[in-house]
Structure formats: structure tokens, C-alpha cells
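J.: Pasting the sequence and the predicted coordinates here, then a few questions.
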Amino acid sequence: MKSTNATPRIFNFSSGPAVLPLPVLEAAQRDLVALPGVGMSVMEISHRSPTFIDILDEAVAGVRELTGLGPDYAVLALQGGASLQFSMVPMNLLTGGRTADYVDTGTWSRRGIEEARRVGAVHVAASTADDDYARIPSQAELRLTAGSAYTHITSNNTIEGTQWPGIPEVGDSPLVVDASSDILSEPLDFSRFGLIYAGAQKNLGPAGVTLVIVREDLMERAPDHLPRMLDYRTHARANSLYNTPNTFGIYVLGLTVKWLRSLGGLEAVAAANRKKANILYAEIDRTGFYRGTADRGSRSRMNVTFRIGAGDAALERTFAGEAAAAGLSGLEGHRSVGGLRAGLYNAFPEAGVDALVQFMREFERRRG
Ligand SMILES: Cc1ncc(COP(=O)(O)O)c(C=O)c1O
């Protein structure tokens with residue numbers, strides 16, 4: 001991959017923080033010292049300056065355009081990562097003595113459940129823990145609570161390499177989605193969601209900014225005693241400028257959203273993502289030397305998890321080490337599950353998938 005730096009870029013398969021679009025990095029680099037027409041770095045200007053407010057408004061408008069969100073949704077750029085949303089969601093929405101339904105599809109779902117239990121009543125509507133989280137539950141498996149406060153799912157399970165094949169039907173319950181690892185990777189009917197949140201560091205920009213899309217009416221459920229910083233209404237009323245936001249993170253998020261639009265929107269992005277994932281899964285399935293860990297119907301297009309044989313940890317370490325030496329970085333699986341994992345987020349180039357496939361074939365020839 002070409003870049004304007006002296007150090008050539010390698011293929012970065014990390015599952016987060018993750019690869020950013022090269023044109024975004026180049027624009028940020030070009031304008032880092034002095035924004036055109038401003039003469040100061042974006043990191044040096046007031047978050048209340050007209051320049052920064054324009055940057056923020058443009059980023060939000062870009063998200064609205066890509067998602068087709070209606071005016072009944074607020075788009076917030078917060079801090080604290082998806083992990084803070086594990087707490088803010090129940091603090092704001094799990095009120096009125098109701099129960100929240102959670103679908104347990106992996107490590108991050110469990111974290112969400114643990115935090116929600118500190119706030120109120122939680123019902124696990126389905127769990128695939130007994131299947132090592134290798135799959136997403138079917139619609140028929142969901143045991144939903146009548147009148148629940150909301151239903152929470154993790155749309156893409158970054159560690160386990162599974163992704164919901166479609167948006168589940170949850171009746172009148174507002175659907176709350178942790179979309180940290182597949183946000184803006186495909187077109188969806190966003191009007192079906194009550195709230196969506198995502199740490200930016202996989203598909204949207206650098207770490208330190210968290211995108212929250214929330215339906216206006218749901219925000220009104222929050223109890224009045226909530227600390228202001230933890231109340232969505234505070235941030236919605238202040239256009240995400242209640243306190244000093246992550247100005248640089250929002251700037252790069254804006255550049256990334258602009259880049260997604262330049263590709264032709266989420267249809268085009270999804271087609272490219274499908275193609276990349278299909279190429280890699282085809283190689284994994286080709287001979288049996290490699291083995292995908294997720295059930296076929298639940299496979300993630302964002303995080304492709306696989307093992308060598310039945311799970312030869314030593315050989316997998318060798319694979320990841322040799323791949324890194326060949327310019328294919330970050331292929332180790334999450335430390336909690338081992339194996340191998342390729343992050344194929346929006347910004348990851350198809351050429352990197354081709355390079356990985358070539359490396360896999362060559363490795364199999366030598367070690368198979
Ligand atoms: C699906 C999902 N949810 C939540 C998190 C936690 O995000 P953060 O580190 O932004 O708190 C991650 C991080 O990898 C994730 O992949």
C-alpha cells in the first residue's frame with residue numbers, strides 16, 4: 001500500500017483500534033498543523049469555535065445521510081467507549097420497574113448484561129454460551145419479555161466472529177444495539193432501532209469517540225437524578241458540546257464518514273465488505289487445513305475467526321508470527337479465545353485479503 005510517509009504501510013488486520021482509510025489519514029496529516037483557512041491545528045481550536053461546530057455538524061449530517069435517519073433521532077458523539085454505554089443504556093432506559101431483555105452472544109454481550117444488572121432487572125432472552133458462542137440464536141429461540149424496557153443485542157461479536165444475519169423481530173420493545181464492530185458497514189433500516197452505539201475505533205475513526213444514535217422519545221425515560229454527564233438529554237440538548245468533546249476524534253470521524261459517502265454510500269460499502277469476507281471464507285473452507293470457528297449462517301463479515309486444524313495453538317502462533325513478518329499484522333485471535341482472527345473493517349483493502357490468502361496457501365503447503 002502506498003502512503004506519503006517514508007515508512008511503507010503494511011496490512012493491518014487488528015480488530016480494534018483498526019485500519020483507517022488512507023485518504024483519511026492523508027487528509028488529517030496534510031491539515032494537521034494548520035487547517036486550511038484557519039491557520040491552527042484542529043487540536044488547538046476551541047470546541048465552541050464556528051470552525052469546530054461546522055466540523056461536528058458535518059460529521060453528524062454525514063451519519064444522518066448514510067443511515068437515512070429521521071429527525072426523531074439524536075446523533076451524539078460521546079466519550080467513555082462502548083463500555084460506558086453498557087452503563088448509560090440501562091441508567092437512561094431501564095426505568096419504571098421494567099425488565100430489559102438481553103441476548104447473550106459473546107464476551108461483549110456478557111459485559112453489557114453484567115452492567116445492566118447493576119442498574120435493574122435483566123432477562124437473558126437467549127444465549128449461545130453452550131455452543132461456545134459459535135452462532136447467533138434464531139428468531140424462534142428468543143424468549144422476549146412482554147412490555148420490556150428494551151431488547152439489547154450485539155450486532156457483531158468482535159471476539160467470536162459472529163454477526164446477526166438480520167435484525168431480529170422484537171415487537172414493541174425498543175431495539176438497542178451495540179454495533180461497535182459493524183457500524184456503517186451495510187445499509188440497515190435504522191428506523192427499527194431505539195438506540196445504537198459504537199466505539200469509533202473499528203469502523204469510524206480513532207479511539208476516544210463513541211457514536212450514539214438514540215430515538216428522541218426514549219431519552220425522556222431517564223430519571224431526573226442521573227448525573228448530568230450520564231444523561232443522554234444533556235448531550236442531545238448541547239449538540240454533544242456540553243463539555244469538551246474529543247475534537248480530534250470527531251474530526252477524523254467526519255473525514256471517515258465523508259470517505260464512506262465518496263464510495264457510494266452503505267450499499268457500495270457492504271458489497272465491498274461481502275466480497276472481502278467471501279474471498280477469505282472460501283480459502284478457509286478450501287481444504288480443511290483451516291477451520292472457521294463460527295457457524296456458516298452466523299459468520300461475521302467484519303471479524304473472520306479461524307483455527308488451524310482442531311486448534312493447534314503452537315502452529316497458530318507460528319502462523320501469526322510469520323504473517324506479521326510478511327507484512328500481515330494483527331492476525332492473532334483475542335487473548336480470551338486464541339486462534340486466528342482477521343479484522344476486515346470498511347477501511348481494510350481487498351488487496352490485503354488477497355495477500356492473506358496467498359500467505360495461507362503458502363503456509364499450508366509448507367506445514368500441511
Ligand atoms: C462489540 C464490542 N462492544 C464493546 C466493546 C468495548 O468497547 P470500548 O473499548 O470502546 O469500551 C468492544 C471492543 O472491542 C466491542 O468489540
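T.: Thanks, I have it. Numbering: from 1, shown residues only.

J.: in the protein, which spans are strands?
T.: Ranges of strands in the chain, per DSSP state E, are 11-12, 73-78, 99-104, 121-127, 151-154, 156-157, 162-163, 175-178, 193-199, 210-215, 290-292, 303-308, 328-329, 340-343.

J.: Figure out which of the ones you listed is closest to the ligand.
T.: Closest of those to the ligand is strand 193-199, at 2.8 Å (criterion: Cβ to the nearest ligand atom). (C-beta placed from N, C-alpha, C; glycine too.)

J.: and the longest helix along the chain, what's its mean pLDDT?
T.: When the chain is parsed with DSSP state H, its longest helix is helix 266-285. Averaged over helix 266-285, pLDDT sits at 98.

J.: Likewise for stretch 207-219?
T.: On average, stretch 207-219 scores 98.

J.: Could you do stretch 228-237 as well?
T.: 98.

J.: Name the residues that touch it?
T.: 74, 76, 78, 87-88, 91-92, 212, 214, 216, 219-220, 222, 242-243 (Cβ atoms under 8 Å, 6 or more residues apart in numbering).

J.: excluding its backbone neighbours, what's nearest the residue of the stretch 1-150 of the chain at minimum distance from the ligand?
T.: At 2.7 Å from the ligand, residue 81 is the closest residue in the stretch 1-150 of the chain, using Cβ to the nearest ligand atom. Leaving aside its chain neighbours, residue 81 sits nearest to residue 199 (4.7 Å; criterion: Cβ to Cβ, 6 or more residues apart in numbering).

J.: check contacts around that neighbour.
T.: Per Cβ under 8 Å, 6+ apart, neighbours of residue 199: 16, 81-83, 180, 207, 209-210.

J.: Hmm, residue 323 is touching residue 332, no?
T.: No - assessed by Cβ atoms under 8 Å, residue 323 is found out of contact with residue 332, at 9.4 Å.

J.: Of those two, which one has the most company?
T.: residue 323 (23 against 20; other Cβ atoms under 10 Å).

J.: For the ligand, see how far away that one is.
T.: Taking Cβ to the nearest ligand atom, to the nearest Å as the measure, residue 323 and the ligand are separated by 21 Å.

J.: From residue 352, how far off is that residue?
T.: To residue 352, residue 323 is 11 Å away according to Cβ to Cβ, to the nearest Å.

J.: Next: residue 334.
T.: For residue 334, the distance to residue 352 equals 20 Å [Cβ to Cβ].

J.: Pick out whichever of these two has more residues nearby.
T.: Using other Cβ under 10 Å as the criterion, residue 334 and residue 352 rank with residue 352 on top: 22 against 16.

J.: Local confidence estimate at the more buried one?
T.: 98.

J.: Could I get the contacting residues of it?
T.: For residue 352, the contact set (Cβ under 8 Å, 6+ apart) comprises 1, 11-13, 328.

J.: Highest neighbour count among those?
T.: For the contacts of residue 352, the largest number of neighbours (other Cβ under 10 Å) sits with residue 13, at 27 neighbours.

J.: I'd say it and residue 356 touch.
T.: Yes - using Cβ under 8 Å, residue 13 is in contact with residue 356, at 7.4 Å.

J.: shared neighbours, these two?
T.: Shared contacts of residue 13 and residue 356 (Cβ under 8 Å, 6+ apart): 328, 331, 342.

J.: mind giving me TSV with the residues you listed and columns for distance to the ligand?
T.: Supplementary listing: those in TSV, determined by distance: Cβ to the nearest ligand atom, whole Å:
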residue	distance to the ligand
328	21
331	16
342	15
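
J.: Residue 213 contacts residue 69, correct?
T.: Yes - counting by Cβ under 8 Å, residue 213 touches residue 69, with 6.6 Å between them.

J.: more neighbours, these two?
T.: Neighbours per residue, other Cβ under 10 Å: of residue 213 and residue 69, the larger number sits with residue 213, 23 against 19.

J.: So the more buried one versus residue 44, what's the distance?
T.: For residue 213, the distance to residue 44 - Cβ to Cβ - is 29 Å.

J.: ditto for residue 131
T.: Distance from residue 131 to residue 44, by Cβ to Cβ: 51 Å.

J.: go on, residue 53?
T.: 16 Å.

J.: same thing with residue 92?
T.: Residue 92 sits 34 Å away from residue 44, going by Cβ to Cβ.

J.: Residue 331 now?
T.: Counting by Cβ to Cβ, the gap from residue 331 to residue 44 is 38 Å.

J.: so where's this structure shaky on pLDDT?
T.: Residues of the chain that meet the criterion pLDDT under 70 lie in 1-5.

J.: interface residues of it facing the ligand?
T.: Contact residues (Cβ under 6 Å from any ligand atom) of the chain with the ligand: 16, 81-83, 108, 154, 158, 178, 180-181, 199.

J.: Please repeat the previous calculation with a cut-off of 5 Å.
T.: Contact residues (Cβ under 5 Å from any ligand atom) of the chain with the ligand: 16, 81-83, 108, 158, 178, 180-181, 199.

J.: Can you tell me which of these lies closest to residue 192?
T.: When the residues of the chain next to the ligand are compared for distance to residue 192 (Cβ to Cβ), residue 178 wins out at 15.4 Å.

J.: Surely the closest one touches residue 193?
T.: No - under the criterion of Cβ under 8 Å, residue 178 is not in contact with residue 193, lying 11.3 Å apart.

J.: So those two - more neighbours on which side?
T.: Ranked by neighbour count (other Cβ under 10 Å), residue 178 and residue 193 place residue 178 first, with 28 against 21.

J.: give the contact list for the more buried one.
T.: By Cβ under 8 Å, 6+ apart, the contact list for residue 178 reads 82, 85-86, 108-109, 112, 152-155, 197-198.
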